[in-house]
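Chemist: Turn this into a model:
(one chain, ligands or ions: 2)
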Amino acid sequence: MTRSGFVALAGRPNVGKSTFVNAVVGEKVAIVSDRPQTTRRAIRGVHERGDCQIVLVDLPGVQRPRDVLTSRMARRVQLELDGADATLLMLNAEQGVGPGDRFIARTLVAAGKPVTIALNKVDRLSRASLLGALQQATELEPRAEVFPVSARTGLGVGELVEHLAALMPQGPFMFAAGARSDQPREVLFAELIREAAIRRTFQELPHAVEVVVEEIEETRAELVRVRALIWVESDSQKGILVGARGRMVKAIGSAARRELQRVLGVQVHLELSVRVRRDWRADEGLLDRLGIT
Ligand SMILES: Nc1nc2c(ncn2[C@@H]2O[C@H](COP(=O)(O)OP(=O)(O)OP(=O)(O)O)[C@@H](O)[C@H]2O)c(=O)[nH]1
Ligand SMILES: [Mg+2]
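Modeler: Numbers count the residues shown, from 1 in each chain. Ligands and ions are numbered 1, 2, ... in the order given. Predicted structure coming up:
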């Protein structure tokens, strides 16, 4: 008899949820950056071990919604928690447990699924501070088992996955053997380009950026052409993203192209342009089409 199920991963922005999902899947399915609120959609990443399939659901960081986009992200978190078989609360061990973590812990408990806590980024801690962090994590939700991990180095990740596997209900696999994610190719490519863009921008700009892949063309076996638009919300943001003599968009393009080539294993020709699309974050129809639901 096989076992399979969904584990929804919630936590404050920037605690390392997407890094963890990539580590468990063994492949990059979610983009990562040191800017908060990087993840905008629920991304399913698949891990298979023998007779058990775990589908990890990477979620946007939980934060007070500010606009239509962030309200949708918050709603998505709730929907995925309700649909999961188990929930995983991720904490940043470097920072103490705060009101945000307590709010998320209450939300997870209310969802009524087994809660496990991952105390991430322990590679940044001394032994003494690790003990304090473990203590705080245990007090946050005494019924939840706490696993100190480093999504970056892989430390402790195996033990945590072992624990999650034991929580999965009996049932058939939900993803085909070898599948790693359910993300459409267009979305993954757009995300990899957005990652390159947000890693080079600061303050409010990363939040204002969205990327849309308009065309993917396999011209020949060893070459894929990708045409994509980077959206920003104002002319001044466009100016920053294009950069003096197009230097910024060129740098974003070559970083994104390298990453696409790494993922696809073939040559990529990337055509990027920057467009102003005012208020895309507030446009319900547009967000639907972007799959941010
Ligand atoms: N030192 C260290 N850094 C980590 C670890 N895990 C993640 N990071 C870093 O933390 C930052 C945030 O990582 P993400 O995986 O994007 O965080 P997230 O929780 O998905 O963030 P949102 O999508 O914004 O909610 C990145 O700079 C990562 O490289 C870890 O175990 N150790
Ligand atoms: Mg993320």
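Chemist: From now on I want contacts and neighbour counts done on CA atoms only, so please keep to that.
Modeler: OK.
Chemist: Ramachandran angles for whichever residue of the stretch 101-250 of the chain sits closest to ligand 2?
Modeler: Going by CA to the ion, ligand 2 is nearest to Glu195 of the stretch 101-250 of the chain, at 10.8 Å. In terms of degrees, to the nearest 10, the main-chain angles of Glu195 are phi -60, psi -50.
Chemist: now swap in Glu215 and tell me
Modeler: Main-chain dihedrals, Glu215, degrees, to the nearest 10: phi -150, psi 140.
Chemist: Determine the three-state secondary structure at the residue nearest to it when sequence neighbours are not counted.
Modeler: In space, and not counting its chain neighbours, Glu215 is closest to Arg227: 5.1 Å by CA to CA, 6 or more residues apart in numbering. The three-state label given to Arg227 by DSSP: H, G, I helix; E, B strand; the rest coil is strand.
Chemist: Any chance you could list what contacts the helix or strand containing Val146?
Modeler: Assessed by DSSP states H and E, Val146 sits inside strand 145-148. Here strand 145-148 makes contact (CA atoms under 8 Å, 6 or more residues apart in numbering) with 115-120, 122, 134, 137-138, 156, 159-160.
Chemist: Equivalent analysis for stretch 125-136, please.
Modeler: Defining contact as CA under 8 Å, 6+ apart, one finds that stretch 125-136 is touched by Ala93, Glu94, Gly96, Val97, Leu119, Val122, Val146, Pro148.
Chemist: Tell me the confidence at the residue nearest to Glu215?
Modeler: pLDDT for Arg227: 98.
Chemist: Quickly list what it is bridged to.
Modeler: In this entry, Arg227 is beta-bridged to Glu215, Glu271, by DSSP bridges.
Chemist: What is the burial count for it?
Modeler: Arg227 has 16 neighbouring residues, counting by other CA atoms under 10 Å.
Chemist: do you know how far the closest residue to Arg41 other than its chain neighbours is from ligand 1?
Modeler: Excluding the flanking residues, the one nearest Arg41 by CA to CA, 6+ apart is Ile292, at 5.7 Å. Separation of Ile292 from ligand 1 (CA to the nearest ligand atom, to the nearest Å): 14 Å.
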